[in-house]
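> Next come a sequence and a model predicted from it.
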Amino acid sequence: EMSAPPKLDHITMSEAAAGVTLLTVDRPPVNALGRVLVEELNAACAHFESLRGESAPRVVIIAAAGKCFSAGADLKERQTMSADDVKAWVPWLSSTFTRIASLPMPTIAVVGGVAAGGGMELALAADMRIAETQAMLGLRETALAIIPGAGGTQRLARLIGPARAKRWIFTAKMHTAAQAAADGAVDQVVATGQGVQTALAMAL
């Protein structure tokens, strides 16, 4: 018996194929990681963690609506936060991404647009990454004199090696999908609009 996914404002979950759940982040305009969206990512994780046996998806595909996978932190919201809120925020975001990385089933991120800062860290929390040709990826935080604190430094270094990861982090450069693939930060580059289908083919 499939237990219904929770009804969320900025995330939809649907069965894309037998045993494959498509999770789509949809928080216009740029899928910024605000408090509510991060709460909802945790609710989605809780849903997947609660499913057992036949009811659990074999694979979860993480995609996003619109032109951005996620532009990262919600800077407007950040301006309204107290210093204590900000101090608590980064560990909470980090633990959310660790929770995604620890899901019992494989996860594939489909990056169809910009994945910057926390958005890149979200993509890094997935087991595999597929980028569409027009995607741009990078850890922008250092341009703002902020350390990518939500697992980006550790996950990227484990994925592509410390020297390349340092180049990404120190320059804060945005990379094309092809450059990201050349560095090993994404597994595959596909044509515009083909990301989810490619992920499905990989999952089945």
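Received the coordinates, thanks. Numbers count the residues shown, from 1 in each chain.
> Report the secondary structure state of the nearest residue to Q188 once chain neighbours are set aside.
Residue nearest to Q188 in three dimensions, not counting chain neighbours: I130, with 4.9 Å by C-beta to C-beta, 6 or more residues apart in numbering. For every residue, glycine as well, the C-beta is placed using N, CA and C. Put simply, I130 is strand when judged by DSSP: H, G, I helix; E, B strand; the rest coil.
> Identify the residues contacting I130.
Residues counted as contacts of I130 (C-beta atoms under 8 Å, 6 or more residues apart in numbering) are 108-111, 186-190, 195, 198-199, 202.
> Tell me the predicted confidence for A150.
pLDDT recorded at A150 is 65.
> mind listing what the closest residue to G19 other than its chain neighbours touches?
Using C-beta to C-beta, 6+ apart and skipping residues adjacent in sequence, the residue nearest G19 is R58, 4.0 Å away. Taking C-beta under 8 Å, 6+ apart, we find R58 in contact with G19, V20, M105, P106, A203.
> tell me the pLDDT at R58?
The score at R58 is 96. That number is its pLDDT.
> Quick check: phi and psi on it?
The phi and psi values for R58, taken as degrees, to the nearest 10, are phi -80, psi -30.
> Kindly provide the distance from it to N42.
Distance from R58 to N42, counting by C-beta to C-beta, to the nearest Å: 22 Å.
> in which helix or strand would I find the residue most central in space within the chain?
Centroid-nearest residue in the chain, with C-alpha atoms, centre = their mean: L122, separated by 2.6 Å. Following DSSP states H and E, one finds L122 within helix 118-125.
> Also compute the angle for whichever helix in the chain runs longest relative to helix 118-125, please.
Of all the segments assigned as helix in the chain under DSSP state H, the longest by residue count is helix 83-101. Here helix 83-101 runs at an angle of 30 degrees relative to helix 118-125 (axes from the mean of the first three to the mean of the last three C-alpha atoms, to 10 degrees).
> Without its sequence neighbours, what residue ends up closest to the residue nearest to the centre of the chain?
Distances taken as C-beta to C-beta, 6+ apart put S70 closest to L122, at 5.7 Å, once the chain neighbours are dropped.
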